[in-house]
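Visitor: Structural data only, the sequence is not supplied:
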């Protein structure tokens, strides 16, 4: 996922739990604005069924409505899903198919239709990222240890590899995060417990010198804060979150500190002055207030907060009012309300059952 309206998404399905169709090739008509009054769309990757589910989510209550015909068939074992800022296109990384699916979004119904053929990626594309303008798409290829970068056709959503793509990275990358400006890309590697950094120029990646920077043991998730000041890493083995500062000129990183979370943190997301860490092992969310400049984390009152069963991923809605947490074990997505003043999260009771284990979610603006 984009800071402010949409927080970058972190995709961590492979290697945590058991995660593990074709449609017409004709695009459907769509709109560049939000077509649903008092609602927004949400899309969920379901690798077990080689499909992507679609929902309408109420802006005020966070209640879910399944869209007719959902889930929609796509590529083999989608591991990540991402909606375009225009709300016209949805992309899914197919980890077994080794390709990227493009879906068009029906502006009236919110349904999906896959556009064929699929775009080739590297081996086991497991995560996606996109710049705020929707001009570039990045795919993290775990087995081939590379990053595929594509330019996006604004008219039909088609993907074209940029010159030099795919770009090599360290062996077995696990997750990545794009800075809000689109200038820097940060790649997390669990094997060496470190973060690598790249500058991004017209989609071309160049390694930042002096890296990687070591973090905690078992790092599984990474995020960049909306102000592009800090990088956060959730370390699942240590039960900690690492804070790194960003050099705004070079993209270089400096480790500032490491802070205790609850058990087995598997996702991390920043919203304003607060940081949210999903703890799969203890089924809760640790919430920290972030001190400007220094990056010091202070756990807020009553943190951690109950968050359903074994949250694997967390996503902030476009208005910053709700957090959605996905559980593979319970096969659910639950909504938590966010207190904008205190940063606290509270279960709303709004939950949708996905029938099959969800691994990734993206919400429309």
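Guide: Received, thanks. In this text the structure is predicted, and so the values were computed from the model without any measurement.

Visitor: Dihedrals phi and psi, residue 46?
Guide: phi -120, psi 90 (degrees, to the nearest 10).

Visitor: number of nearby residues for the closest residue to it other than its chain neighbours?
Guide: Excluding the flanking residues, the one nearest residue 46 by Cβ to Cβ, 6 or more residues apart in numbering is residue 356, at 4.7 Å. For glycine as for every other residue, the C-beta is placed from the backbone atoms N, C-alpha and C. Close neighbours of residue 356, defined as other Cβ atoms under 10 Å, add up to 17.

Visitor: Assess the claim that residue 356 and residue 49 are in contact.
Guide: Yes: Residue 356 is within contact range of residue 49, at 5.3 Å (criterion: Cβ atoms under 8 Å).

Visitor: can you pull the contacts of residue 219?
Guide: The neighbours of residue 219, taking Cβ atoms under 8 Å, 6 or more residues apart in numbering as the test, are 174, 188-190, 193, 195, 233-236, 242.

Visitor: Who does it form a beta bridge with?
Guide: Residue 219 has the following beta-bridge partners by DSSP bridges: residue 235.

Visitor: which of the residues in stretch 122-141 are buried?
Guide: For stretch 122-141, the neighbour count (16 or more other Cβ atoms under 10 Å) marks 122, 124-132, 134-141 as buried.

Visitor: Next: stretch 192-206.
Guide: In stretch 192-206, counting by 16+ other Cβ under 10 Å, buried: 193-198, 200, 203, 205.

Visitor: mind giving me CSV with those and columns for secondary structure and distance to residue 345?
Guide: As requested, the buried residues of stretch 192-206 are exported to CSV (DSSP: H, G, I helix; E, B strand; the rest coil; distance: Cβ to Cβ, whole Å):
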residue, secondary structure, distance to residue 345
193, coil, 28
194, strand, 30
195, strand, 26
196, strand, 31
197, strand, 30
198, strand, 33
200, strand, 32
203, coil, 36
205, strand, 35
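
Visitor: Would you mind pulling the contact partners of stretch 193-202?
Guide: By Cβ under 8 Å, 6+ apart, stretch 193-202 touches 136, 147, 162, 167, 169-170, 173, 178, 182-189, 205-208, 211-219, 222, 231, 233, 235, 244, 250-253.
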